[in-house]
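Asker: No letters, just coordinates:
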């Protein structure tokens, strides 16, 4: 057994030297996460701001004035641009000059004054589904408010909903994206290192020498986990420190639990990368193989769309994805103090994936060595 | 001379920056003058890192000289029309995934030759290289000899007036080596000149002129016969007893009077520092050969010390009943093709056993099965008494392996490589440190320890690979063409170590293309067309040559291979 430990240590040390002493690799591994942190922090946003709305106004009465004033006062509306005809408005939407068009009929003020049911037309650019939905929400809200102001006597006292957002009181999108980013970027970095592990030896022609040494297949793989695992731990840890310092996202959970989670997560992603690597003949194939697994892993993680909204047959598959568990832990430990027992409930499946993936990598390696 | 020379170099010098910051500059070339006329061939020889490749790259216009004038076809090399030069870089420049035809046609088009427009030239290339049956085979699936021929054909596809061939015959068997040389002559146009670098002096002997480069200087420039003259009066031979031949060789090599010594059939040849024979009886003066002149000119004046590498090996008693390596009807099939058929032999402790055979004959397949790199389709093998099928890892612990191609980590330093190998064989702490120190000192690697292994000259790389293979003093040593591409002096040094290691009771299995190295083996197995066609001592093999008193092993090699070919065509 000590022999195995010596061999694994030798392999791990060698791998760390090869990967981490390469100045270009090291630069990519340190600089790129920082750039990505900035990009993720400022470029990915779920809010819709800087809205431009087109307008065809056929009513100059009080109702339309009041309605437009409220619309223009919305924080996220940048401009309201008048158009002469519906035709001109629809062209503007088509050209992406505006995302939505308001059509105010000539009888709006008159209907309001009469106490009739008044209507405003809203055209939306369906190509931008998400943003259009949000704009529709904003405009509905404006129409309600205007109605209440103009005809307060008509409002029936309906039950009022008072919303309180737990864990993210102001619903700031960065509180969601930044902790989640730890998962995504760590995956990219760890996978890009680990998929090269075996492929690099095959391409460089060092594989035969290695196979003539008394190293068992599992010892080779165990040693080869070292660089990707270290890189993942370093990257993840770096983010946990930087995010609360550089933004107003709080870190409420236990740092120790977080590091434990990052370690288990890095190990599971490393193991998946090694599996891919055993199948690749050269580094180019390894890179493409990594790409083949990384996209589904991200889509199934629940970062882009909640797992609960996925097709029912996809949901069990997403549970095998270590990213889905890591995302729960990241959000849980940043935004609330997730208790240890719950964290472990997410860590266990990740470790299980690591064990299964390393086992399959060993078998694949044995099979491919012939 | 009516015609202008193809090449004229005047006082050319080139130096490179040291490999690390603060490291001294490397003077790769200094004061090089040479003239090459059309239709002539020039052999460039010299020790590794002597400047051969740098000179080739300057001639091809790939590297700019720091000083001096380089004229190619009457013009400065900077204005060279590249289509007039066919440059074959070391180890070729083939696209492994492309087929033979795709490679050749690609190079033809790159040189402005549309393959469809000149079918005669293309046909001639396929015919001359013998590659016509393999046009649709991927280049990386060709045997070593064929790959070199294809690379050569690609370099000279447009029949350029100047052919620059960097080590075209490295790692190639004697038969293919002759063929490659003939091929180069055949592909050359009537006025084409050839520059050919080689570490094999036999090849250089076929050229019109030879230049010996050492540390960037020209030590010799003249006809190949003149190289041998440098050793005239310094070469002697004496008969060898039939047993313990190697002990005599070792004894001669370690004498201060002797520069180099080799076994040749029944006699021991020695090149001496002075014009008198070494002490002892029976020495008679003999005619020198090119290699002797080479050795004398490059002599560093230091006698070979007893191998410190071998001294660390425990003395293992010979056990005639327990073979260190056993191959029992080893067979490997790939689909319908059988790469090795029923290969059986045994190697005992203290023996050096040589596997010979042309490229692609099944020698490497056999070798790889015994190293545990390839599972046999049938038959079995043992190493140090351990079954390869069931105890592969244990068998690997007992063996040291030096692959044909340098297979350590190019992006790690020499020391980091040795540390990794030590760990891989379970050596830690003081044991590892001692083993590494011993290998570094014994192989003179101390000035290279901090250098990246990938940037070392070939000879130093080979030394490192040998060091890595013997770090754990294994009872069994596998050496796959250990001296391929290294110069004669390093080959002498290598065999000095190998002989001494075998003398400690280590079994050595070696493949080689050098017949003088095969002379060093106790027993040989000749493999051709996937079958063992002859085995026995070097003298046993020579008996196959009928009607010659003291045939060389190379003659025996060719006779035996041709005999098999004849036998098969008669049977068919």
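Answerer: Right, received. Where do you want to start? Being a predicted model, the structure only gives us computed values, none of them experimental. Numbers count the residues shown, from 1 in each chain, chains lettered A, B, ... in the order given.
Asker: What's the nearest residue in the stretch 51-200 of chain A when you look at chain B?
Answerer: Nearest to chain B, among the residues of the stretch 51-200 of chain A, is residue A:200, at 9.5 Å (Cβ to the nearest Cβ). C-beta coordinates here come from the backbone N, C-alpha and C atoms, glycine included.
Asker: again but with chain A, I slipped
Answerer: Closest residue of chain A to chain B, Cβ to the nearest Cβ: residue A:10 (2.2 Å).
Asker: State the pLDDT value of that residue.
Answerer: If you check residue A:10, the pLDDT there is 93.
Asker: same thing with residue A:47?
Answerer: Reported pLDDT for residue A:47: 68.
Asker: Next one: the residue of the stretch 451-572 of chain B found nearest chain A from residue B:510, what distance?
Answerer: Residue nearest to chain A within the stretch 451-572 of chain B: residue B:478 (7.5 Å; Cβ to the nearest Cβ). Residue B:478 is 8 Å from residue B:510, where distance means Cβ to Cβ, to the nearest Å.
Asker: quick revisit: could you point out which element follows whatever helix or strand the residue of the stretch 51-200 of chain A closest to chain B lives in?
Answerer: Element membership for residue A:200 (DSSP states H and E) is helix A:196-204. Next helix or strand after helix A:196-204 toward the C-terminus (DSSP H and E): helix A:207-211.
Asker: Low-confidence regions, chain B specifically.
Answerer: B:1-3, B:18-24, B:91, B:567-572 (pLDDT under 70).
Asker: give the contact list for the spatially most central residue of it.
Answerer: Computing the C-alpha centroid of chain B and ranking residues by Cα atoms, centre = their mean puts residue B:484 first, at 2.0 Å. For residue B:484, the contact set (Cβ atoms under 8 Å, 6 or more residues apart in numbering or on different chains) comprises B:170-171, B:404, B:513.
Asker: Go through these and single out the one with the most neighbours.
Answerer: residue B:513 (27 neighbours; other Cβ atoms under 10 Å in any protein chain shown).
Asker: Can you classify the residue in chain B that chain A sits nearest to as helix, strand or coil?
Answerer: Here chain B gets closest to chain A at one residue, residue B:423, 2.2 Å apart by Cβ to the nearest Cβ. When classified by DSSP: H, G, I helix; E, B strand; the rest coil, residue B:423 comes out as helix.
Asker: How about it, nearest residue that isn't a chain neighbour?
Answerer: residue A:10 (2.2 Å; Cβ to Cβ, 6 or more residues apart in numbering or on different chains).
Asker: give the contact list for that neighbour.
Answerer: So residue A:10 contacts A:223, B:419-420, B:422-424 (Cβ under 8 Å, 6+ apart).
Asker: any idea which helix or strand carries the spatially most central residue of chain A?
Answerer: In chain A, the centroid-proximal residue (Cα atoms, centre = their mean) is residue A:303; its distance is 4.1 Å. For residue A:303, there is no host helix or strand (DSSP H and E).
Asker: mind listing what the residue nearest to it when sequence neighbours are not counted touches?
Answerer: Excluding the flanking residues, the one nearest residue A:303 by Cβ to Cβ, 6+ apart is residue A:180, at 5.1 Å. Listed by Cβ under 8 Å, 6+ apart, the contact set of residue A:180 reads A:303, A:327, A:330-331.
Asker: At the contact with chain A, which residues of the stretch 401-550 of chain B appear?
Answerer: B:401, B:403, B:405, B:407-412, B:416, B:419-428, B:468, B:478 (Cβ under 8 Å from any Cβ of the partner chain).
Asker: In three-state terms, label the residue of chain A closest to chain B for me.
Answerer: Applying three-state DSSP: residue A:10 is helix.
Asker: So which bits of chain A are right by chain B?
Answerer: Chain A comes close to chain B at residues A:3, A:6-7, A:9-11, A:13-14, A:17-18, A:21-22, A:204-216, A:370, as judged by Cβ under 8 Å from any Cβ.
Asker: Next up, identify which helix or strand the residue nearest to residue B:346 when sequence neighbours are not counted is on.
Answerer: In space, and not counting its chain neighbours, residue B:346 is closest to residue B:323: 3.9 Å by Cβ to Cβ, 6+ apart. Assigned by DSSP H and E, residue B:323 falls within no helix or strand.
Asker: ok, now residue B:331?
Answerer: Using DSSP H and E, residue B:331 falls in strand B:325-334.
Asker: coming back round to it: now do the residue nearest to residue B:346 against residue B:383, distance only.
Answerer: Distance from residue B:323 to residue B:383, by Cβ to Cβ: 10 Å.
Asker: ok, those two, which is more surrounded?
Answerer: Set residue B:323 next to residue B:383 and count neighbours by other Cβ under 10 Å: residue B:383 wins out with 30 against 19.
Asker: got any ranges where the stretch 1-150 of chain A has weak pLDDT?
Answerer: A:1, A:44-47.
Asker: Now do the strands in it.
Answerer: A:51-57, A:77-82, A:100-104, A:121-124 (DSSP state E, counting those that start in this stretch).
Asker: closest to residue B:189 out of the ones you listed?
Answerer: strand A:51-57 (73.4 Å; Cβ to Cβ).
Asker: May I have the beta-bridge partners of the nearest residue to residue A:102 once chain neighbours are set aside?
Answerer: Spatial nearest neighbour of residue A:102, excluding adjacent residues (Cβ to Cβ, 6+ apart): residue A:55 at 4.9 Å. Per DSSP bridges, the residues bridged to residue A:55 are residue A:82, residue A:102.
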